[in-house]
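# starting from these lines, generate the structure:
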Amino acid sequence: MTTIKTFAALALCSLCAHAQIPAQQPPADLPTKRVTLPAQTTTLRNLLAQLQKQTSLAFEFRHEVDLDKSVTLDGSIRDTPLWEALRTLMRLTQTTSMLLIAPEARYGFLLTGAFSSHGPFVVMAYEITQAVHFENDTAIPATRILMYAVSDGSCRIITLPKDPTPAKALDDKGNSLLPARRAEESRASVSHYASFTTEPIFIYLEHSAANARPRAIALLEGAFAATVAFSRDIELAPGKSTEHSIPGVHTAITCGTTIPAHAPPMILPDPAPDTLIVTVHAVHDGRLSDPQWSDMRSAIRDSPIRIVDAQGTPWRAVDVSSVSPPDELWAILHFRREPDPSHRIDAPPPSPGPAVKAIVSLVTRIERIQIPYRIENLLLP
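Residues are numbered from 1 along each chain as shown. Predicted coordinates for the structure are as follows:
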């Protein structure tokens, strides 16, 4: 049994063994958060408010930016993928980072550095360090790049490659930086804060001893083979339940003040006034392979669930518990009507009243796809 006191979904941190299922190129019609900012002259504060209204995400600049400064948009941000719209705003403000905060998250995601976007995904080069790699007592200069792959919330990344090798890496003189031997690719399950993947990806590059250490990486290009979950949101009133079936898995969800009698024993906080419990019970009928069921179980367990009042103010999640018998998954989330002291956004306490609902993200399918990236002109330390 595992108990983690966080509102992020439970995360698997160990490596998973998977069958060699070829990853497909992402379909052109992937669901993607799109935004429109019409031609206007207004303040940055107003622009961020418009983005929040369209995406449910809060946005902050991480460097000193005058939010009351007047800016002019030419109308080019029209039905534009979120990441491209943010890139335009970062250029407009001459800043290199923005903080994104999801409504159900305790912490935000920092979009910074050089990044490449494709539909709902962004791949970011977050940190670059120089190192020395030894092979047969020979010192080989190397570069380690810490990267993140993130979804805009239209879908969720379930697994990512561990230490992948890019398809192409060139220094500022046109020399290849690919290592002589490519590591055998494996996949790791990822952690989530709301929609945001938090598992780092490390890429290792090597410099030829015959060449001087480069000053920049002119081109870094490749694709990450990722498992991605797609879902749809439903609303569930207290005292109600619902069932959801997809090929191979049947899921029952209840929202109330008690745990179903047939649930396995779990350690939960003592009952208190103004509490609600959401129980998720998924059963595998045997039609999925073990790797497919592992991915599906992770996707269901990591699905965002919120309790909100009539004004949309979230309740505090005080406990998340799960247990996974063979071919089953039980996840129990315990919510309380009180402000979350760790929440980054100042908000009034949840208002009293019966107009409360659970918002549950139901997994509809999972796919293994390629998340492409192309990043240019990375300066080396």
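
# contacting residues around stretch 108-117?
For stretch 108-117, the external contacting residues (CB atoms under 8 Å, 6 or more residues apart in numbering) are 58, 60, 62, 81, 83-84, 86-87, 96-102, 122-127, 150, 193, 196, 344, 372-378. For the C-beta atoms, the positions are set from N, CA and C on the backbone; glycine is no exception.

# write a PyMOL command that selects only the buried members of these.
A single PyMOL command suffices to select whichever of the contacts of stretch 108-117 are buried according to 16 or more other CB atoms under 10 Å:
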select buried, resi 58+60+81+83+86+87+98+99+100+101+102+122+123+124+125+126+150+193+196+372+373+375+378
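
# from the contacts of stretch 108-117, which land in strands?
58, 60, 81, 97-101, 122-127, 150, 193, 196, 372-378 (DSSP state E).

# okay, the closest residue to His63 other than its chain neighbours: pLDDT?
Counting by CB to CB, 6 or more residues apart in numbering, Thr95 is the residue found nearest to His63 once chain neighbours are left out, at 5.1 Å. According to the prediction, Thr95 has pLDDT 86.

# what residues are up against Thr95?
Residues counted as contacts of Thr95 (CB under 8 Å, 6+ apart) are Phe61, Arg62, His63, Val65.

# show me where the stretch 251-381 of the chain has its helices.
Remark: helices assigned in the stretch 251-381 of the chain by DSSP state H, counting those that start in this stretch are 290-301.

# mind showing which ranges of it have poor pLDDT?
Within the stretch 251-381 of the chain, the stretches with pLDDT under 70 are 267-273, 339-354.

# same deal with the stretch 1-150 of the chain?
In the predicted model of the stretch 1-150 of the chain, residues 1-29, 103-107 satisfy pLDDT under 70.

# what segments of it are strands?
Using DSSP state E, counting those that start in this stretch, the strands assigned to the stretch 1-150 of the chain run over residues 2-4, 15-16, 34-37, 40-43, 58-61, 70-73, 77-81, 97-101, 109-112, 114-118, 121-135, 138-151.

# and Ile332, which of those is closest to it?
strand 2-4 (9.7 Å; CB to CB).

# let me see the domain layout of this protein.
When the chain is parsed with automatic domain parsing, its domains come out as 33-118, 231-365.

# need those in JSON lines with distance to Asp171, can you?
JSON lines is the format used below for the domains of the chain (distance: least, CB to CB, whole Å):
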{"stretch": "domain 33-118", "distance to Asp171": "15"}
{"stretch": "domain 231-365", "distance to Asp171": "37"}
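
# picking up where we left off before, how about JSON lines for the strands of the stretch 1-150 of the chain, with distance to Asp274 added?
Below are the strands of the stretch 1-150 of the chain laid out as JSON lines (distance: least, CB to CB, whole Å):
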{"stretch": "strand 2-4", "distance to Asp274": "22"}
{"stretch": "strand 15-16", "distance to Asp274": "39"}
{"stretch": "strand 34-37", "distance to Asp274": "36"}
{"stretch": "strand 40-43", "distance to Asp274": "39"}
{"stretch": "strand 58-61", "distance to Asp274": "25"}
{"stretch": "strand 70-73", "distance to Asp274": "43"}
{"stretch": "strand 77-81", "distance to Asp274": "40"}
{"stretch": "strand 97-101", "distance to Asp274": "25"}
{"stretch": "strand 109-112", "distance to Asp274": "30"}
{"stretch": "strand 114-118", "distance to Asp274": "42"}
{"stretch": "strand 121-135", "distance to Asp274": "38"}
{"stretch": "strand 138-151", "distance to Asp274": "33"}
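
# in contact with Ser324, which residues?
Counting by CB under 8 Å, 6+ apart, Ser324 touches Arg297, Trp330.

# can you offset everything so residue one is 30?
Okay, residue one is now 30; in that scheme the one you just asked about reads as Ser353.

# measure it to Ile263 for me?
Using CB to CB, to the nearest Å, one gets 23 Å for the distance from Ser353 to Ile263.

# and for Gly148?
Taking CB to CB, one finds Gly148 at 24 Å from Ile263.

# and these two? Which one has more around it.
Taking other CB atoms under 10 Å, Gly148 and Ile263 do not tie; Gly148 has more neighbours (21 against 14).
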